[in-house]
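Fold the stuff below for me.
(one chain, ligands or ions: 2)
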Amino acid sequence: MTKTVKDYIRTIVDFPHEGILFRDVTTLFADARGFRMAIDQLLHPYAGQRIDKVAGLEARGFILGGAVAHQMTTGFVPIRKKGKLPGATISQSYTLEYGEAVVEIHDDALQPGEKVLLVDDLLATGGTAEAGIRLIERLGAQVIGCAFVVDLPDLGGRKKLEAMGMEVHALCSFEGL
Ligand SMILES: O=P(O)(O)OC[C@H]1O[C@H](OP(=O)(O)OP(=O)(O)O)[C@H](O)[C@@H]1O
Ligand SMILES: Nc1ncnc2[nH]cnc12
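Ligands and ions are numbered 1, 2, ... in the order given. Just a heads-up that it's a prediction; the model follows:
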């Protein structure tokens, strides 16, 4: 039977903490057919739409977003963890399971009115994606969609992003944490 994107994703039990089923996309990325299928499916809903830039969330969103941007012939903009970008940045904090984290974008990475596709490997609580959306919007650009390989619907990220008016596209989902 033909393998789907989901079939290429490996689950690691108890990583990084006991009780977590870690959905590992490195096995998808490592397979030529699987990786191409994932990139093709990520950009499929946006065919014919104007997209000026793809923004990727550190770290696995860089691998996917770079390939999507290349295929769409757009620029790529990284959204990084605090302290990694060399130029002038704006910052956005977000809530993690324990405590807070901060992501940043270069303050000249997007122009007002540009249409941006946000890409990451996985949507869990939606905290990381929400912070990315806020950064893009604070630069005056518009998020036209949020594309993920994996959705973990029980963690509520899709509901959170849809409540913000976002269009969410995920290639597969896993029940549970
Ligand atoms: O929806 P959320 O609850 O915010 O979780 C999703 C985020 O968590 C993972 O990244 P992680 O923070 O582990 O960073 P990494 O990619 O740098 O390892 C994943 O790649 C997403 O970016
Ligand atoms: N279960 C999970 N697998 C992989 N990345 C994650 N990020 C948050 N939850 C995750």
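
Is the residue most central in space within the chain bridged to anything, and to what?
Centrality entry for the chain: nearest residue to the mean C-alpha point is Asp120, 1.7 Å, by CA atoms, centre = their mean. According to DSSP bridges, Phe148 are recorded as the beta-bridge partners of Asp120.

And it, what's its pLDDT?
Confidence at Asp120, expressed as pLDDT, is 98.

ok, it touching Leu57?
Yes: the pair Asp120 and Leu57 qualifies as a contact (CB atoms under 8 Å) at a distance of 4.2 Å. C-betas here are computed from N, CA, C, even on glycine.

Spit out the residues that contact the two alike.
Taking CB atoms under 8 Å, 6 or more residues apart in numbering as the contact criterion, the common neighbours of Asp120 and Leu57 are Gly65, Thr128, Ala129, Gly132.

Distance of the first one relative to Glu167?
From Gly65 over to Glu167 the distance is 17 Å, taken as CB to CB, to the nearest Å.

pLDDT weak spots in the chain?
Low-confidence regions of the chain, defined by pLDDT under 70, span residues 177.

got a list of what Gly176 touches?
Contacts here follow CB under 8 Å, 6+ apart; on that basis Gly176 touches Leu21, Leu152, Asp154.

among the residues you listed, who's most crowded?
Of the contacts of Gly176, Leu152 is surrounded by the most neighbours, 22 neighbours in total, counting by other CB atoms under 10 Å.

Next up, the contacts around the nearest residue to that one once chain neighbours are set aside.
Excluding the flanking residues, the one nearest Leu152 by CB to CB, 6 or more residues apart in numbering is Ala124, at 4.9 Å. Counting by CB under 8 Å, 6+ apart, Ala124 touches Leu152, Leu155, Gly157.

thought the last one was touching Cys146?
Going back to what we said before, that points to Gly157. No: counting by CB under 8 Å, Gly157 sits too far from Cys146 to count as a contact (9.4 Å).

Settle it for me: which of these two has more neighbours?
When neighbours are counted by other CB under 10 Å, Cys146 comes out ahead of the other of Gly157 and Cys146, with 28 against 24.

No further queries at this time; thank you.
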